[in-house]
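**Q** The following comprises the amino acid sequence and a computationally predicted model.
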Amino acid sequence: MKKVLIRFVILAALVGAAWASYRFVQQLPQRQVQVATTKVRQGDIIVKTFARGELRAVRSATLTAPNLFGTVQVTKLAEIGSFAREKDLVIEFDDAELLSRLEEKQLEIDQIDEQYKKSQADLAIRNNSDQVELLRARYAVRRSELEVKRNELLSPIDAKRNELNLEEAKRRLKQLESDIKSRQEQAEAELAVLQERRRKSVLELAREKSRLTQVKILAPMSGLVAVRQNQSSRMGFGFDVPDIREGDQVQPGMPIADVLDLSELEVLGRVGELDRANLSEGQDVLLGLDAISGKQFHGKIKSMSSTASANVSSSDPAKKFDVVFSIDMKELLTSLGAKPEQVAKILATAEANRNRPPVPSFGGMAAMMMGQGGMGGGMGQGGMSQGGMGQGAGAGAAAGGGGGRFSLGMGGPWTGAGAGGSATGGISQQDRQKMREAIQKALNGRSMQDLTAEERTKLMADVAKQTGISRPAGAGAGAGGADAAAAGAGEGRRRRNGGDGADAGMAAMAAARPGRFSEADFKNAKLPPPPDQDSQLDVLLRPGLLADIEIIVEKIPNAVNIPAQAVFEDDGKLVVYVKSGERFEPRSIKPLKRSDSTLIIAEGLKKDEVIALTNPTAKPGAKKEKGGSGGGPMNALPGGKS
C-alpha cells in the first residue's frame, strides 16, 4: 500500500512537471515577441496629407500626322528637348507623292482644257458647215416654190413633178434642221461633260493643294518639344519602344510630338480615398521639388478627379484619385535665379497663352476644302454644290463659331449661321450684293485663283474698308468665307460659259480658309536649334520632375490623436490595444477625424496611454481573417467625419 502511494505521488509530480513545462513552452513565444508601442498624444494638431507628384505643363499642343492619302513619312523632326519658338518648324513630311499627284492633276486639267478648245473649234466648224447646208436647203425650197408658181403654164405631169420636188425640199429642210439641232445638243453635251470633268479635276487639285499645306507642321506656341514613341514599331512585350525618328513611316492621326508651354507649370499627384474626402479645391499646399532640395513653394488645389483609377505599372497599384495642384510661378522662377525682367517676360507669355483660343492639332493648318469647314473652334462638316442652280450646303465651325454655305462659283447665294444663330451671318442681301460688286471691281478682270493668300487677304480688307461693311464678330471666319464665296459666285456666273467658274469658287474658298500661319510662315519656317546649341534661357525647369506634396487639411486644437497604424477592426468596430501591466486589452474608440497617417479620437482614449502598433493577439504567421479579431488596421476604412 505504501509503495502504491509513493508511486502515485511520483506520477503526479511527473504529470505536474510535464504540464508546467507545456504551459511554459506554450507561453514562451508570446513572451519573446516584442510589441511596438506608442503613447496617445494630445495637443494642437495640423492634419496634413502627403503625396508624390509629377511636374507638367499646364498647356500643350499635340502635333499629329495628317492624312495625305498616301505614304506619310517623316523627313524633318525637331530634336527632343529643343525649344521651339512660335512658327518654328517642328515636323515635315515627305511631299514627293503629293507633288507628283499635283502635276498629274494639273496635266489632266490642261488636257481637258485642250480638249475643250478642240471641241469648241470643231463645234464652230460644224456650225458653219451646217449653216451653209441649211442655207442651201432653204434656197432649194424657195426654188421649188417658184417652180410651183409656174404650174399653170406647164403640163399636169410637170406641175405634179414640181409639187413633189417642193415637198421633198421641205422634207429635207425639216430633216436638216432636226439633224443640226441634234448635233448641236450632242456637242453641247460633250462640252458639258468636259466642264464637269474639269470641275472635278479642279476640286481634286484643290484637295491636293490643301494636303500640301499639311506637309509642314509649325509650332503653335513657344515651348519644349517632346517627341512621342513610335507605337507602330512595338515588337512585343519586353521590347523597348523607340522614339519617332526622321525616315519613319507613321499612320494618319498618330501623335508625333508635343509642344509643352513652360511658362506655366502644375503638379499632378495621386491621393488615397481617405485623403480625398478631406480635400477641396482652393486648399493651400506646399510643394517641394526633388531637383531643388531644401525649398518649398506655395500652391493650391486646382482640380480633383471624381473617380479613382489604378496604375498597375507603377509601384503602387492601389486605386487612387488624381489631384492637380497649381504652383506659384513667380516664387518658383525667382528661386531658380531668374532675373526680374525674365520673370516678367515668362509671366506675360503665360497670360497671353492663357487667353489664346485652343490650338488645332495640326498647328493651324488649313482645313480640307471639300466637305470641311474651318478649324478655329473645332472641325465642322460641310458640303458644296456643283450645279448651276444648286445651293452649297455646309456648316464649317470657324474661329468665332460661324458657318457658311458655299457654291463652286456656278450660282447659288451663300448662307450661314454664326454663333448667335443668324441665318445669313449678320449681312443683309443688299450688303452682300454691294460687297460682291466691289470685289469684282477690285479684281479688274482677274480671277481670285490668280492671287496669293496675302493678296486675297489685302483685297478683302480693302473692299471692307471701301464699302464700310464689316464682318460681324459672331460670324467669325464664316462671314469672311461668305464674302469670298460671294465673290466666287459672281465670278462664276460671269465666266460660266468659259468653264472656269469652279476655279473662281475654289479660289474664293481658299481665300476664306482660316489659319494661323501664312504662306510666308510655311516658306520661312526652320527647325529649332538642338538643345546643345541653344542657350535655352526659357527652359528653367523640365516637365517630369518629381515633387513632394504637403496638403494642410485642417488645424484642430487640443486634439487626442494616435497613428492610424494602431487602429484595428474587430467585428465591425474600431479598436485599439491598450497596455495594462504586461498584457494588452482591446478597447473600442470613436474617431473624430482620420487620414492615411493620423486618427483624431473623440472618445475612448486618454493622453499618455500606451497602445500597440501591431495586433498583440495575432499568432505569428497566421493569416488575418476578414471580420475576425485579427482584422487589419483602419487604413482601408472610408475617411471623413464620423
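**A** The structure has been received and is ready for your questions. Numbers count the residues shown, from 1 in each chain.
**Q** Now do the helix or strand containing residue 196, average pLDDT.
**A** Using DSSP states H and E, residue 196 sits in helix 156-212. Helix 156-212 comes out with an average pLDDT of 91.
**Q** what's the distance between it and the middle of its chain?
**A** 54 Å (CA atoms, centre = their mean, to the nearest Å).
**Q** Which SSE is immediately downstream of that helix?
**A** Following helix 156-212 toward the C-terminus (DSSP H and E): strand 216-218.
**Q** and that following strand, what other elements does it pack with?
**A** strand 89-93, helix 519-524 (3 or more CB pairs under 8 Å, 6 or more residues apart in numbering; DSSP states H and E). Quick note: C-beta positions are derived from backbone N, CA and C, even for glycine.
**Q** Please name the residues that touch residue 227.
**A** 77-78, 80, 243-244, 256-257 (CB atoms under 8 Å, 6 or more residues apart in numbering).
**Q** Does anything pack onto the helix holding residue 196? Which helices or strands?
**A** So helix 156-212, by 3+ CB pairs under 8 Å, 6+ apart, packs with helix 96-149, helix 501-512.
**Q** For the first one, what does the pLDDT average out to?
**A** I take that to be helix 96-149. Averaged across helix 96-149, the pLDDT comes to 91.
**Q** out of the helices and strands packed on strand 216-218, which comes closest to residue 150?
**A** helix 519-524 (79.9 Å; CB to CB).
**Q** Are any of the contacts of residue 227 buried, and if so which?
**A** By neighbour count, with 16 or more other CB atoms under 10 Å, the contacts of residue 227 hold 77-78, 244, 256-257 as buried.
**Q** Among these, which one sits closest to residue 205?
**A** residue 256 (27.1 Å).
**Q** Paired strands for the helix or strand that contains the closest one, with orientation please.
**A** Remark: residue 256 resides in strand 255-260, with elements defined by DSSP H and E. When pairing is defined by DSSP bridges, strand 255-260 lines up against strand 60-64 (antiparallel), strand 223-227 (antiparallel).
**Q** what's the most buried one of those?
**A** Looking across the strands paired with strand 255-260 with neighbours counted as mean count of other CB atoms under 10 Å, the highest average goes to strand 223-227: a mean of 24.
**Q** Next, the angle from it to strand 89-93.
**A** 30 degrees (axes from the mean of the first three to the mean of the last three CA atoms, to 10 degrees).
**Q** what about strand 223-227, distance to the chain center?
**A** So, by CA atoms, centre = their mean, the centroid of strand 223-227 is 17 Å from its chain's centroid.
**Q** neighbouring contacts of the strand holding residue 256?
**A** Contact with strand 255-260 is made by 56-57, 59-65, 74, 77-78, 84, 90-91, 217, 219-221, 223-228, 244, 250, 543, as judged by CB under 8 Å, 6+ apart.
**Q** run the last query once more with 6 Å
**A** Contact partners of strand 255-260, identified using CB atoms under 6 Å, 6 or more residues apart in numbering, comprise 57, 60-65, 90-91, 219, 223-228, 244, 543.
**Q** so how far is that strand from its chain's centroid?
**A** Worked out by CA atoms, centre = their mean, strand 255-260 lies 11 Å from the chain centre.
**Q** coming back round to it: so which of the helices and strands packed on strand 216-218 comes closest to residue 590?
**A** strand 89-93 (60.4 Å).
**Q** The closest one - contacts with which helices or strands?
**A** strand 74-77, strand 216-218 (3 or more CB pairs under 6 Å, 6 or more residues apart in numbering; DSSP states H and E).
**Q** 7 Å instead, please
**A** strand 74-77, strand 216-218, strand 255-260 (3 or more CB pairs under 7 Å, 6 or more residues apart in numbering; DSSP states H and E).
**Q** Check which strands are paired with it and give the direction for each one.
**A** Here, using DSSP bridges, strand 89-93 pairs with strand 74-77 (antiparallel), strand 216-218 (antiparallel).
**Q** mind checking how far the last one is from the chain centre?
**A** This points to strand 216-218. 16 Å.
**Q** Repeat that for stretch 252-268.
**A** Counting by CA atoms, centre = their mean, stretch 252-268 is centred 12 Å from the centre of its parent chain.
**Q** And it, what's buried?
**A** Within stretch 252-268, the residues scored as buried using 16+ other CB under 10 Å are 255-268.
**Q** now swap in stretch 112-124 and tell me
**A** In stretch 112-124, counting by 16+ other CB under 10 Å, buried: 112, 115-116, 119, 123.
**Q** Give me the distance from that stretch to the chain's centre.
**A** 48 Å.
**Q** Can you give me the pLDDT of residue 322?
**A** We have a pLDDT of 90 for residue 322.
**Q** Surely it is in a strand?
**A** Yes. Using DSSP: H, G, I helix; E, B strand; the rest coil, the secondary structure at residue 322 is a strand.
**Q** what bridges to it?
**A** According to DSSP bridges, beta-bridge pairing links residue 322 with residue 270.
**Q** now swap in the one 5 residues further on and tell me
**A** With beta bridges defined as DSSP bridges, residue 327 has these partners: residue 299.
**Q** thinking again about what came up before, going by distance to residue 600, which of the buried ones among the contacts of residue 227 wins?
**A** residue 257 (49.4 Å).
**Q** Next, find the distance separating the closest one from residue 263.
**A** According to CB to CB, to the nearest Å, residue 257 stands 19 Å off from residue 263.
**Q** One more: residue 75?
**A** 30 Å.
**Q** show me where this protein has helices.
**A** Taking DSSP state H, the helices of the chain run over residues 2-32, 96-149, 156-212, 273-277, 329-335, 340-355, 429-443, 453-467, 477-494, 501-512, 519-524.
**Q** What's opposite residue 49 in the beta bridge?
**A** The partner residues for residue 49, given DSSP bridges, come to residue 551.
**Q** pretty sure it is in contact with residue 273, am I right?
**A** No. Checked against CB atoms under 7 Å, the pair residue 49 and residue 273 is beyond contact range at 11.7 Å.
**Q** Settle it for me: which of the two has more neighbours?
**A** Higher neighbour count among residue 49 and residue 273: residue 49, with 25 against 18, using other CB atoms under 10 Å.
**Q** Neighbours of residue 609, how many?
**A** 17.
**Q** Now do the contacts for it.
**A** Residues near residue 609 by CB atoms under 7 Å, 6 or more residues apart in numbering: 39-40, 578.
**Q** most neighbours, which of those?
**A** Counting neighbours by other CB under 10 Å, residue 578 comes out on top of the contacts of residue 609 with 21 neighbours.
**Q** any idea how far residue 18 is from residue 220?
**A** 88 Å.
**Q** quick one: which of those two has more around it?
**A** residue 220 (25 against 10).
**Q** quick one: buried residues of stretch 600-617?
**A** Buried, per 16+ other CB under 10 Å, within stretch 600-617: 600-601, 604-605, 609, 611-616.
**Q** In a markdown table: the residues you listed, plus pLDDT.
**A** What follows is the buried residues of stretch 600-617, written out as a markdown table (pLDDT from 0 to 100):
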| residue | pLDDT |
| --- | --- |
| 600 | 85 |
| 601 | 87 |
| 604 | 85 |
| 605 | 88 |
| 609 | 88 |
| 611 | 90 |
| 612 | 88 |
| 613 | 87 |
| 614 | 86 |
| 615 | 84 |
| 616 | 82 |
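**Q** any chance of those in JSON lines, plus distance to residue 290?
**A** Below are the buried residues of stretch 600-617 laid out as JSON lines (distance: CB to CB, whole Å):
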{"residue": "600", "distance to residue 290": "31"}
{"residue": "601", "distance to residue 290": "35"}
{"residue": "604", "distance to residue 290": "40"}
{"residue": "605", "distance to residue 290": "37"}
{"residue": "609", "distance to residue 290": "39"}
{"residue": "611", "distance to residue 290": "35"}
{"residue": "612", "distance to residue 290": "35"}
{"residue": "613", "distance to residue 290": "29"}
{"residue": "614", "distance to residue 290": "32"}
{"residue": "615", "distance to residue 290": "36"}
{"residue": "616", "distance to residue 290": "39"}
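**Q** From those residues, which land in strands?
**A** Filtering these for membership in strands, criterion DSSP state E, returns 600-601, 611-612.
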